[in-house]
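In: Have a look at this fold, sequence not included:
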């Protein structure tokens, strides 16, 4: 009875604290920034420098279409962006925005050879430089690999972070559900897109939650009771919840292409993936590459990321891992302490090459 009473009191306290916060008070994306370029729903931001810049070449962060990119700038003291700025880097980021029915027929070519290339051009023109450093995260890493293969003259270095490369490894439920790793077509993506048009963000969010239904759907809320008396920790929890459930709809044609070309046919490593009528040949990526992966990643299993070394043409290839899961790469205090420094040191070493 004493345990039940204590548990109930924790629950009441937690509800009281959580109810104090209005949605607008759950602030995210805290680092000051300015809009450099805008096209349709896509916005290119430059973050305000905090110290004297130590590199002449900026870094452009390319995030996935799924979820919002402010996870790399979630809050003070847990911001990859802020930490990179403090180390003297000039940081840009692409915000893909929220797709609507008007974006139903956009393709991967529109995003990679269109929006991404236009953002790179905007930076090059603004700074009068030939190349940029590219940091691609998750699906954005796959976009960045494709871009670097097609436009090697515009990219000085490439950092791939928790990036899927081999989509047919025998690990990860996402590969089994979306692809053909067991020789079976997991679902009819053509029927889904033809029926729905854009793919609802809520569907995708549920798909990711079902990868770990107990841990992500139940256990984290049970664990919430352990921090119920801490206003700061509850606010941190609410920030993460806000990001997790802020899931944009996916343009139907992009989703169709990504599932079929990557998950189902694994074209990227087979050398048969094309954009704008041109083959995406990973062997043409000869620039320095830093491949960063999470050792306990359930969304992008390590083997999927590590496959990259076999297919690129770079002789300057570095691997770095962290003992966390996919989300831990963004919010773990240890990762936030070590990852930005690892990126900055790696870039500075190659700044004069």
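Out: Thanks, I have the structure now. Note that the structure is predicted; figures quoted are calculated from it, not measured.
In: Now tell me what touches the helix or strand residue 335 falls within from outside.
Out: In the assignment (DSSP states H and E), residue 335 maps to helix 333-349. Helix 333-349 is contacted from outside by 54-55, 59, 77-80, 83-84, 86-89, 133, 135, 157, 159, 290, 292, 318, 320, 322, 324, 328-329, using C-beta atoms under 8 Å, 6 or more residues apart in numbering. Heads up, the C-betas are built off the backbone N, CA and C, glycines and all.
In: buried set for that helix?
Out: The neighbour-count check on helix 333-349 (16 or more other C-beta atoms under 10 Å) flags 335, 336, 339, 340, 342, 343, 344, 346, 347 as buried.
In: which among the residues you listed gets closest to residue 42?
Out: Closest approach between the buried residues of helix 333-349 and residue 42, by C-beta to C-beta: residue 343, at 24.0 Å.
In: Next one: that closest one from residue 86, what distance?
Out: Shown here: residue 343 relative to residue 86, a distance of 12 Å by C-beta to C-beta, to the nearest Å.
In: is it true that residue 154 touches residue 133?
Out: No - contact status for residue 154 versus residue 133: not in contact, 10.9 Å apart, counting by C-beta atoms under 8 Å.
In: Give me the more crowded residue out of these two.
Out: Shown here are residue 154 and residue 133; by other C-beta atoms under 10 Å, residue 133 has more neighbours (27 against 18).
In: Show me what counts as buried in stretch 31-47.
Out: For stretch 31-47, the neighbour count (16+ other C-beta under 10 Å) marks 31, 33, 37, 41, 42, 43, 44, 45, 46, 47 as buried.
In: Might you report the residue contacts of the spatially closest residue to residue 115 that is not a sequence neighbour?
Out: The shortest distance from residue 115 to any non-neighbouring residue, by C-beta to C-beta, 6 or more residues apart in numbering, is to residue 42 (4.7 Å). Shown in contact with residue 42 (C-beta under 8 Å, 6+ apart): 94, 95, 96, 97, 115, 119.
In: Cross those residues against strands and list the overlap.
Out: In this view, those that belong to strands under DSSP state E are 94, 95.
In: among the contacts of residue 42, which two are most distant?
Out: The farthest-apart pair in the contacts of residue 42, when distances are taken by C-beta to C-beta, is 97 and 119, at 12.5 Å.
In: Contacts only, for residue 55.
Out: Residue 55 sits next to 88, 89, 90, 133, 347, 348, 351 when contact means C-beta under 8 Å, 6+ apart.
In: Would you double-check that the second one falls in a strand?
Out: No - secondary structure assignment (DSSP: H, G, I helix; E, B strand; the rest coil) places residue 89 in coil, not in a strand.
In: burial count for it?
Out: 26.
In: is it true that it touches residue 52?
Out: No - the criterion here is C-beta under 8 Å, and residue 89 misses it with residue 52 at 11.2 Å.
In: and residue 292, that one's in a strand?
Out: Yes - assigned with three-state DSSP, residue 292 falls within a strand.
In: can you start the count at 839 instead of 1 from here on
Out: Sure, I'll start counting at 839 from here, so that last one is residue 1130.
In: Just grab the bridge partners of the residue lying closest to it once chain neighbours are set aside for me.
Out: Leaving aside its sequence neighbours, residue 1130 sits nearest to residue 999 (C-beta to C-beta, 6+ apart; 4.5 Å). Assessed by DSSP bridges, residue 999 has beta-bridge partners residue 975, residue 1130.
In: any idea how far residue 999 is from residue 1143?
Out: 9 Å.
In: neighbour count winner among these two?
Out: Neighbours per residue (other C-beta under 10 Å) separate residue 999 from residue 1143, with residue 999 holding more: 28 against 25.
In: Please enumerate residues in contact with the helix or strand containing residue 875?
Out: Element membership of residue 875, judged by DSSP H and E, is strand 871-877. The contact list for strand 871-877 (C-beta under 8 Å, 6+ apart) reads 881-886, 930-931, 953, 956-957, 960-961, 964.
In: how about 7 Å then?
Out: Contacts to strand 871-877, defined as C-beta atoms under 7 Å, 6 or more residues apart in numbering, come from residues 881, 882, 883, 884, 885, 886, 930, 953, 956, 957, 960, 964.
In: that older thread, selecting buried members of the contacts of helix 1171-1187 in ChimeraX, what would you type?
Out: Buried subset of the contacts of helix 1171-1187, written as a ChimeraX selection, criterion 16+ other C-beta under 10 Å:
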select :893,897,916,917,918,921,922,925,926,927,971,973,995,997,1128,1130,1156,1160,1162,1166,1167
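In: The contacts of helix 1171-1187 in helices, which ones?
Out: Per DSSP state H, helices hold the following members of the contacts of helix 1171-1187: 918, 921, 922, 924, 1166, 1167.
In: And the furthest pair within those?
Out: 924 and 1166 (21.0 Å).
In: quick one, strands of the stretch 889-1038 of the chain?
Out: 897-900, 911-913, 916-917, 929-933, 970-975, 993-999 (DSSP state E, counting those that start in this stretch).
In: With mean pLDDT added, can I get those strands in TSV?
Out: Shown next, in TSV, are the strands of the stretch 889-1038 of the chain (pLDDT from 0 to 100):
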stretch	mean pLDDT
strand 897-900	98
strand 911-913	88
strand 916-917	89
strand 929-933	98
strand 970-975	98
strand 993-999	98
